[in-house]
Structure formats: structure tokens, C-alpha cells
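Participant: Structure, please.
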Amino acid sequence: VRMMIWVFDLYAMTTLVFAFSMLFDQIPFFVYAILGTLVFSWVSVSIWQMYFEKKAKVFLPWVIILGIVMLEMIWVTHFFPWGYLVLGFLVTWLWYIMHLLVRFHLTKQGIKWKKQKWFLINNIVLYIIFLIFIVRWI
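Facilitator: Predicted structure coming up:
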């Protein structure tokens with residue numbers, strides 16, 4: 001439950017970053033993108049620490065990788081002509097999938113790709129359905 005609360009909070013913070021970038025456009029977007037990346041990285045470490053009894057330094061390589069990917073995702077999605085609520089939702093959804101894969105990778109068993117294959121296929125289909133049937137009307 002605590003992890004899902006973090007995910008919903010992250011959606012709210014991401015939406016806020018996109019909203020501020022639209023409302024205060026005199027500030028360059030890379031400032032907002034870096035702010036969003038720092039938020040994603042901080043929340044990732046906070047959630048991983050709930051699952052693993054390791055120090056934050058252990059997660060550093062994964063935080064850097066996840067941060068670079070999220071910086072790119074935030075930067076690319078801000079060019080789409082959608083509202084800040086949709087942009088925040090789409091970016092948070094992609095972060096959640098990546099975050100879960102990293103969390104599963106950090107376990108002793110690693111990622112069980114046979115189980116994750118259907119999870120990833122379902123998410124891709126739902127993402128496309130969301131883009132086609134919901135986002136186009138917003």
C-alpha cells in the first residue's frame with residue numbers, strides 16, 4: 001500500500017512539474033526536466049529501501065540509469081500536444097514498469113521473464129489503447 005501511495009504521489013508531482021512548465025514558460029524546460037528526474041530518482045530509492053535492507057549507495061548505478069532514462073522520457077513527452085495530466089500519467093506509467101523490472105532484478109531470483117512477458121505485453125496493449133481511445137479525446 002505504501003508503494004502505491006508513492007506512485008500516486010509521484011504522478012501528482014510529475015503532473016505538477018508539467019503544469020509549471022506550461023504556466024511558467026520563461027524558465028527553460030531542462031530545469032523542470034532535471035527537477036522531475038530528481039523526484040523520480042528519490043522516490044525510486046525510497047521504494048527500493050522498503051523492499052531491500054541495503055543502503056542507498058547500493059542502488060546508485062540503477063538510480064543513475066533510471067534517472068537518465070526518465071530525463072529523456074520527460075524531455076520527449078513535453079513535446080507532445082497533450083495536457084499536463086496526461087503527460088504526467090504516461091511518464092509515471094513508464095517509470096512504474098521500469099521501476100518494477102529493476103526491483104525484480106535486484107532480488108535473488110532476478111527477473112522471471114516468462115511471467116514478465118505477459119505483464120509487459122498487457123501494459124503495451126493498455127498503453128496503446130489509452131493513447132488511441134482516451135488521449136486523443138483530451
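Participant: pLDDT weak spots in this protein?
Facilitator: For the chain, the stretches flagged by pLDDT under 70 are 137-138.
Participant: For it, which segments count as helices?
Facilitator: Along the chain, the segments classed as helices by DSSP state H run 2-23, 29-51, 60-77, 84-106, 113-129.
Participant: was I right about residue 71 contacting residue 35?
Facilitator: No: Residue 71 is not in contact with residue 35 according to Cβ atoms under 8 Å; the separation is 10.4 Å. Where C-beta positions appear, they are placed from N, C-alpha and C, glycine not excepted.
Participant: Pipe the helices of the chain into a markdown table and attach mean neighbour count per row.
Facilitator: Formatted as a markdown table, those follow (neighbours: other Cβ atoms under 10 Å):
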| stretch | mean neighbour count |
| --- | --- |
| helix 2-23 | 16 |
| helix 29-51 | 18 |
| helix 60-77 | 16 |
| helix 84-106 | 18 |
| helix 113-129 | 11 |
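Participant: So which of those helices is nearest residue 136?
Facilitator: Proximity to residue 136 (Cβ to Cβ) singles out helix 84-106 among these, at 10.3 Å.
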